[in-house]
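1. Quick one, structure for this:
(2 chains)
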Amino acid sequence: MSLLSVHKISKSYKESTGFLGINEKKVLREVSFQLESAQILAVVGESGSGKSTLARQIVMLEQPDSGEIFLHGEPLQSEATVHQKIRMIFQNPAASLNPHKRIYQQLEEPLINCGDLSQSERGNRIRENLEHVGLSADQASRYPHMFSGGQRQRIAIARALILKPEIIVADEAVSALDVSIQAQILNLILDLKDEMGMSWLFIAHDISVVNVIADRVMVLYAGKVLEIGCVKDVLGNPLHPYTRKLLQCVPKMGASLKIVCNEKLSYPDIDPPSMGSVCVYRNRCPLADKICGESEPPMMGSASQSVACFKV
Amino acid sequence: MSDPAVLLEVEDLSVDFELRGVSVNAIQSVSLKVSAGETVGIVGESGSGKSVTSLAIMGLIREPGFLRSGAVRIFGQDMLKLSSRQRRKYLGRDIAMIFQEPTESLNPVFTIAQQIDEALKRHGGMNRTQRINRTLELMKIVGMPGPEKTLRSWPHQLSGGMNQRVMIAMAVACNPSLLIADEPTTALDVTVQEQILHLLHKLQQENNMGMIFITHDLSVVSTIADKIIVMYAGQVVEICATNDLFQQALHPYTEALLKSLPENYSRTNKRMDSIKGSQPGAGETLPGCRFQPRCTYARERCRQQAPALNTIENYSSRTVRCFYPLVSDNDTGNT
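-> Sure, this is the predicted structure:
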């Protein structure tokens, strides 16, 4: 049984389209995947692809319109259990930590809310966690502004770890950091996975980061999973035209832009089609033909790599 | 000036910020040259002084910041000696800038057409019909889908990538000789980033424009820049040609920066090398080299004396701020 199993969740937001006009915008379309223990699953996609919306459904900040999420085979129901078992880390640590509270208070809060530890036990747990993320325990009495960006992200991770969760949902947790600090945090995530057997849903847009830390990767486009599988297969041998395009666009170290620059510039239609059961990528896809506009490609393939495309 | 191809010459530029009566050094004696058709990349961590350098070149440093010393010469004319009124004649016409966050840099209460028109009105000397035609032409140059419709839109109706193209259209409206792009693709998706990089490169080739490209992303800068300037804690620590930098870094900081790139660790499951510690904060002064506390090669001399920028002859005249640059022992050009 998978640790976390997401089964066909969909979500729409209502969007105003001028005077009295209301439009349903589909943000997630029947997203399904499994997360095993001690595994890092990366979610990649452009902005607006539904990555963060997916994260919000999993930590139960929102309810999906349809579909179900199972933790250890049990449907997610009570928020209290979810908040203990699944924790979240946000992109910008400067914004997600409370500037008015000392680090100690911020780390203690989840312990007070979700546990029955005595005060001294709480103190021990906080010290333990700070040391785990590479900070010293005597820094706990400081305020967030007294730390650097990388240290603040460590604090955010310590806060997520404090209830000993099984899954951490990290929404662009390293995007705001400089490369040298990013490397520290990625090392820390790998250590935590190995030592504590923790699972991560790691949302990112940087393919090179995903390549370093993830075991599996899921490619989202317009709220739809286009390709999912092992990092080695999906990023090593991408099958979906969109995954290929995404990998092509990653700037390669030292590869001169001048060589490829003769290619004709093309600006495809950015807006994904909002209606019907068709392939969501067909407007931008170089391989699209009649069948892509008639029905929706099903997910096909094996556990190590499956893809939703008629053209592979 | 001596070399007519040199568009911009920055000499010994230092900017301080005054915080609670104490002046804090933001950039210290930055010097650089940009020639026509050349792209100079400036890389460094946040807080290394990349953006302050570009703002100082544009003459946009405001209170509590002030210029301590230096000269910024555009076609031999020192911009910093001009009044802000005189300087405005150059800004937008000869030298233009693109900012990091396109949606925030555009004015939300004017349409795209009005905003592009503003630059043309100020510098172009064109009549209304000519300006309208030029605006439409610019939209096509930057590859905007549905140019007429876009011109009537407001910034909030466009995506980040489209807004960035509007910013670029505004910047190149008067065919500037020099374009400063401050993290122009950082806020964008990789697919859009690729388009914008190609667009900038194409525009540069067509107009033989000089460009300063500021970014923290080494892989982006490696694809677009001819020359790279690495900054650390307000100082230039290394200047060299792009290819040389990726073959061998001479400054320990540059080496550490390259080693901490995730590209080098793909699917190895190895832990990455990271730079221990953090940059000295604003106002922290160190007696020796600014990178010394984090440097793995630091020796006694580095803790006492501050190194100057030195040219290393044997290494195609690369410039490095380090007493012990990472060259083989027998051919140190440094004394």
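
2. And the helices in chain B?
-> B:50-58, B:84-88, B:102-105, B:112-123, B:128-141, B:147-151, B:160-172, B:190-207, B:218-224, B:242-247, B:252-259, B:300-304 (DSSP state H).

3. now stretch A:293-312, how far from the centre of its chain.
-> Distance of stretch A:293-312 from its chain centroid, counting by C-alpha atoms, centre = their mean, to the nearest Å, is 22 Å.

4. same check, this time on stretch A:113-129
-> For stretch A:113-129, the distance to the chain centre is 28 Å (C-alpha atoms, centre = their mean).

5. Okay, buried residues for it please.
-> Applying a neighbour-count criterion of 16 or more other C-beta atoms under 10 Å in any protein chain shown, one finds A:122-123, A:125-127, A:129 buried in stretch A:113-129. The C-beta positions use only the backbone N, C-alpha and C, and glycine is treated the same way.

6. follow-up on the earlier one: so which of the helices of chain B comes closest to residue A:217?
-> helix B:190-207 (14.6 Å; C-beta to C-beta).

7. Next, the angle from that closest one to helix B:128-141.
-> Angle of helix B:190-207 versus helix B:128-141, following axes from the mean of the first three to the mean of the last three C-alpha atoms, to 10 degrees, is 130 degrees.

8. For helix B:190-207, which helices and strands make contact with it?
-> Applying 3 or more C-beta pairs under 8 Å, 6 or more residues apart in numbering or on different chains; DSSP states H and E, we find helix B:190-207 packed against helix A:241-249, helix A:257-260, helix B:160-172, strand B:178-182, strand B:210-215, helix B:218-224.

9. and it, which residues are buried?
-> Buried residues in helix B:190-207 (16+ other C-beta under 10 Å): B:190-204.

10. Next: stretch A:232-252.
-> A:232-235, A:238-243, A:245-247, A:249-251.

11. That one: end-to-end distance?
-> 18 Å (C-alpha to C-alpha, to the nearest Å).

12. Now do that stretch: distance to the chain's middle.
-> 18 Å.

13. contacting residues around that stretch?
-> Under the contact criterion C-beta atoms under 8 Å, 6 or more residues apart in numbering or on different chains, stretch A:232-252 has outside partners A:44, A:207-208, A:210-211, A:217, A:219, A:221, A:226-228, A:281, A:284-287, A:301, A:304-305, A:307-309, A:311-312, B:190-191, B:193-194, B:197, B:217, B:219-220, B:222-223, B:267.

14. Can you pull the phi/psi pair for residue B:188?
-> Backbone torsions of residue B:188, given as degrees, to the nearest 10, read phi -110, psi 160.

15. Contacts only, for it.
-> Counting by C-beta under 8 Å, 6+ apart, residue B:188 has contacts B:160-161, B:164, B:196.

16. could you measure it against residue B:163, distance?
-> Applying C-beta to C-beta, to the nearest Å, the value for residue B:188 to residue B:163 is 10 Å.

17. that older thread, any chance of JSON lines for the helices of chain B, columns distance to residue A:190 and mean pLDDT?
-> Formatted as JSON lines, these follow (distance: least, C-beta to C-beta, whole Å; pLDDT from 0 to 100):
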{"stretch": "helix B:50-58", "distance to residue A:190": "30", "mean pLDDT": "90"}
{"stretch": "helix B:84-88", "distance to residue A:190": "51", "mean pLDDT": "85"}
{"stretch": "helix B:102-105", "distance to residue A:190": "35", "mean pLDDT": "84"}
{"stretch": "helix B:112-123", "distance to residue A:190": "45", "mean pLDDT": "89"}
{"stretch": "helix B:128-141", "distance to residue A:190": "45", "mean pLDDT": "91"}
{"stretch": "helix B:147-151", "distance to residue A:190": "45", "mean pLDDT": "88"}
{"stretch": "helix B:160-172", "distance to residue A:190": "31", "mean pLDDT": "87"}
{"stretch": "helix B:190-207", "distance to residue A:190": "23", "mean pLDDT": "86"}
{"stretch": "helix B:218-224", "distance to residue A:190": "21", "mean pLDDT": "88"}
{"stretch": "helix B:242-247", "distance to residue A:190": "26", "mean pLDDT": "87"}
{"stretch": "helix B:252-259", "distance to residue A:190": "17", "mean pLDDT": "91"}
{"stretch": "helix B:300-304", "distance to residue A:190": "32", "mean pLDDT": "92"}
